[in-house]
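> coordinates only, no sequence provided:
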């Protein structure tokens, strides 16, 4: 195991202590005539030794600035050299100075704080060897007697190593625990960030003055923001101020333009973080309604499928009996007309049953790359074989991801509605156009009929809602469900000056593949 410590004040303290000590020794050397700190017959090698000690201190400082993380025993060579230099000064340069023993005691203490236990005792042993050698060579020196005598210093070196190493180990364990807690907190914070970023609900942290501090992708998309460092839209900021003043959550939706330029209804809720900031939760009213209705629709689909199965068998019997009756030569003309009514309505009920079963048993989308313009050209040729109408196609050829069979069903339904409700024929054409709408590829299908009234637009994509006695009310609902299964969006353009216009927004391929 190779324990490591981060760049902490202890190595820094040791490095600056060594630098200060080296500069002090050099100052004593240059001011020797005034201080008389060194012995009169100092060896000529003294300035070289002191310069080397200064270089060692500078090297320690450089190690601090060049490494963000340092090994425990990185400073061991420096500590050994320092003890040898101090021993040299004690033995040959200033044997009468008590201060050198005290300085060596401080150096050993600092060394034990930054090296492992066995090397800490090695430093104590070397320091003891130096002190005992000084006592042996300079028996008459004042430094060998008194409170900090050689024997006392020798014991202090090992007692200091024992105490300091115990303290260092405890500090290391505490530091490792702190680092573990920091890593766990970072992992938890990172996990929370990922969860919030992928939430369907928009989450926005904002100052109470309206400045956005942080925002997730859903909120940024719904507020049509390109940069998080922005202000809240005025209508949302006013709702925030109302909540801050009265602490009342308003359930009414606000209308904000999205990134595609369409108006969307947003439901807002707020929560306080502190006195200066708040959380804003942003939900799309349509998405909320969709999630709320999913449970109902799932149960209704199962019930409808069960009913459809029960109806289908007697309906087939009625339809078959009507066909047999139609072949009877004795059937009067009035009875033939009634029989035709029975047969036609039987076929209409069969179509409704097929649509209901299709909704309840709809498979997942098998998305493929489609060159939309070329695909539409083949579709138009196929559609015109059954319906003699005129269809105009305009736009460039883009690549989209969509299930081909489901796209065929969606556009076939829209074109059939254009014939049924938009009066499309050979003289009154259906217009298809392909264009790029901001980040999306858009397919527009337009007829030149009377359009759809504002009252009917509210229920446009709801199941079983129709304005025709011949319609089932499931066509547009099924088209919407198929588009959403392929990460696309179908909308009715209520700004069209004439006719009914449906826009299909295909999600960019890089978003689909995420």
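Thanks, I have it. What you see is a predicted model, and the numbers here were worked out from it, not measured in a lab.
> tell me the contacts of residue 137?
Contact analysis of residue 137 by CB atoms under 8 Å, 6 or more residues apart in numbering lists 91, 95. Bear in mind the C-beta positions are built from the backbone N, C-alpha and C, glycine included.
> if I look at it, how far off is residue 382?
111 Å (CB to CB, to the nearest Å).
> next SSE downstream of the biggest strand by length in the chain?
Longest strand in the chain by number of residues (criterion: DSSP state E): strand 263-272. Beyond strand 263-272 on the C-terminal side, the first helix or strand identified by DSSP states H and E is strand 277-284.
> which of the residues in that following strand are buried?
Neighbour counts over strand 277-284 (16 or more other CB atoms under 10 Å) mark 278, 280, 282-284 as buried.
> coming back round to it: and the contacts of the longest strand of the chain?
Identification of contacts with strand 263-272 by CB under 8 Å, 6+ apart yields 222, 236, 239-240, 243-244, 249-251, 253-258, 278-286, 288.
> surely residue 15 is in contact with residue 59?
No. If you go by CB atoms under 8 Å, residue 15 and residue 59 don't touch, sitting 9.1 Å apart.
> from the chain's centroid, how far away is the longest strand of the chain?
21 Å (CA atoms, centre = their mean, to the nearest Å).
> who has more neighbours, residue 15 and residue 59?
A count of neighbours by other CB atoms under 10 Å puts residue 15 above the other of residue 15 and residue 59, at 24 against 14.
> for that one, which residues are in contact?
Shown in contact with residue 15 (CB under 8 Å, 6+ apart): 57, 60-61, 63-64.
> now do residue 318
With contact set as CB under 8 Å, 6+ apart, residue 318 has these partners: 342, 346.
> quick one: residue 44 from residue 27, how far?
In terms of CB to CB, residue 44 sits 19 Å off from residue 27.
> compare those two (neighbour count), which wins?
Between residue 44 and residue 27, counted using other CB under 10 Å, residue 27 has the larger neighbour count: 13 against 6.
> show me where pLDDT drops low in the stretch 101-250 of the chain?
The stretch 101-250 of the chain contains residues with pLDDT under 70 at 139-148, 226-229.
> which residues in it form strands?
Taking DSSP state E, counting those that start in this stretch, the strands of the stretch 101-250 of the chain run over residues 202-207, 212-215.
> longest single helix anywhere in the chain?
For the chain, the helix that runs over the most residues, judged by DSSP state H, is helix 150-197.
> now that helix against strand 202-207, angle please.
120 degrees (axes from the mean of the first three to the mean of the last three CA atoms, to 10 degrees).
> packing partners for helix 150-197?
If contacts are counted by 3 or more CB pairs under 8 Å, 6 or more residues apart in numbering; DSSP states H and E, helix 150-197 sits against strand 4-6, helix 99-114, helix 117-137.
> and the longest one, how far out from the chain middle?
Okay, so that is helix 117-137. Centroid separation for helix 117-137 versus its chain: 58 Å, with CA atoms, centre = their mean.
> name all residues that make contact with the spatially closest residue to residue 406 that is not a sequence neighbour.
Sequence neighbours aside, residue 482 is the residue nearest to residue 406 in space, at 4.5 Å (criterion: CB to CB, 6 or more residues apart in numbering). Going by CB under 8 Å, 6+ apart, residue 482 touches 362, 365, 403, 406-407, 409-410.
> if we use 7 Å, what do you get?
For residue 482, the contacting residues are 406, 409-410, by CB atoms under 7 Å, 6 or more residues apart in numbering.
> residue 500 now?
Counting by CB under 7 Å, 6+ apart, residue 500 has contacts 422, 447, 449, 451-452.
> a markdown table for these, including pLDDT and distance to residue 499?
Formatted as a markdown table, the contacts of residue 500 follow (pLDDT from 0 to 100; distance: CB to CB, whole Å):
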| residue | pLDDT | distance to residue 499 |
| --- | --- | --- |
| 422 | 84 | 6 |
| 447 | 89 | 5 |
| 449 | 84 | 5 |
| 451 | 83 | 6 |
| 452 | 84 | 10 |
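> so how far is residue 337 from the residue lying farthest from the centre of the chain?
Distance from the C-alpha centroid of the chain peaks at residue 330, with 76.6 Å (CA atoms, centre = their mean). In this view, residue 330 and residue 337 are 15 Å apart by CB to CB.
> swap in residue 400?
Note on residue 400: its distance to residue 337, by CB to CB, is 48 Å.
> who's more crowded, the two?
residue 400 (24 against 9).
> touching, the more buried one and residue 506? I think so.
Yes. Taking contacts as CB atoms under 7 Å, residue 400 lies within contact range of residue 506: 4.4 Å.
> got any residues that touch both of those two?
Residues touching both residue 400 and residue 506 (CB under 7 Å, 6+ apart): residue 441.
> where are the low-confidence patches of the stretch 401-514 of the chain?
Counting by pLDDT under 70, the stretch 401-514 of the chain has low-confidence residues at 464-473, 495-496, 508-514.
> how about a cut-off of 90?
Residue ranges of the stretch 401-514 of the chain with pLDDT under 90: 403-406, 408-409, 413, 416-429, 435-440, 447-489, 491-500, 506-514.
> could you pull out the strands in it for me?
According to DSSP E, counting those that start in this stretch, the strands that the stretch 401-514 of the chain contains are 430-437, 440-446, 488-492, 501-506.
> you'd agree residue 399 is up against residue 368?
No. Contact criterion CB under 7 Å: residue 399 and residue 368 do not qualify, at 10.4 Å.
> separation between residue 374 and residue 404?
Look at residue 374 and residue 404: by CB to CB, they are 12 Å apart.
> quick one: which of the two has more around it?
Using other CB under 10 Å, the more surrounded residue of residue 374 and residue 404 is residue 404, with 14 against 10.
> domains of this structure?
The record's domain parsing of the chain by automatic domain parsing lists 4-186, 202-287, 288-360, 368-512.
> so which of the ones you listed comes closest to residue 193?
domain 202-287 (8.9 Å; CB to CB).
> from the chain's centroid, how far away is the closest one?
With CA atoms, centre = their mean, you get 19 Å for domain 202-287.
> next one: stretch 403-413
Worked out by CA atoms, centre = their mean, stretch 403-413 lies 34 Å from the chain centre.
> isn't residue 311 right next to residue 353, touching?
Yes. With contact defined as CB under 7 Å, residue 311 reaches residue 353; the gap is 6.4 Å.
> between those two, who's got more neighbours?
A direct count of neighbours by other CB under 10 Å for residue 311 and residue 353 places residue 353 higher, at 20 against 15.
> and the more buried one, what element?
For residue 353, the enclosing helix or strand under DSSP H and E is helix 333-360.
> give me the mean pLDDT for that helix.
Across helix 333-360, pLDDT averages out at 72.
> quick one, what contacts residue 99?
Contacts of residue 99 by CB under 7 Å, 6+ apart: none found.
> gap between it and residue 106?
If you go by CB to CB, the gap between residue 99 and residue 106 works out to 10 Å.
> how close does the residue lying closest to residue 21 once chain neighbours are set aside sit to residue 436?
Nearest non-adjacent residue to residue 21, counting by CB to CB, 6+ apart: residue 103, 6.7 Å away. Distance of residue 103 to residue 436, computed by CB to CB: 78 Å.
> of the two, who's got more company?
Per other CB under 10 Å, whichever of residue 103 and residue 436 has more neighbours is residue 103, with 19 against 11.
> isn't the more buried one up against residue 86?
Yes. Using CB under 7 Å, residue 103 is in contact with residue 86, at 6.4 Å.
> among the strands of the stretch 401-514 of the chain, which is nearest residue 120?
strand 440-446 (68.1 Å).
> strand partners (parallel or antiparallel) of that closest one?
When pairing is defined by DSSP bridges, strand 440-446 lines up against strand 430-437 (antiparallel), strand 501-506 (antiparallel).
> who touches the last one?
Meaning strand 501-506. 260, 400, 402, 414, 437, 440-446, 483, 488-493.
> just the buried ones among the residues you listed, please.
By neighbour count, with 16+ other CB under 10 Å, the contacts of strand 501-506 hold 260, 400, 402, 414, 437, 440-446, 483, 488-492 as buried.
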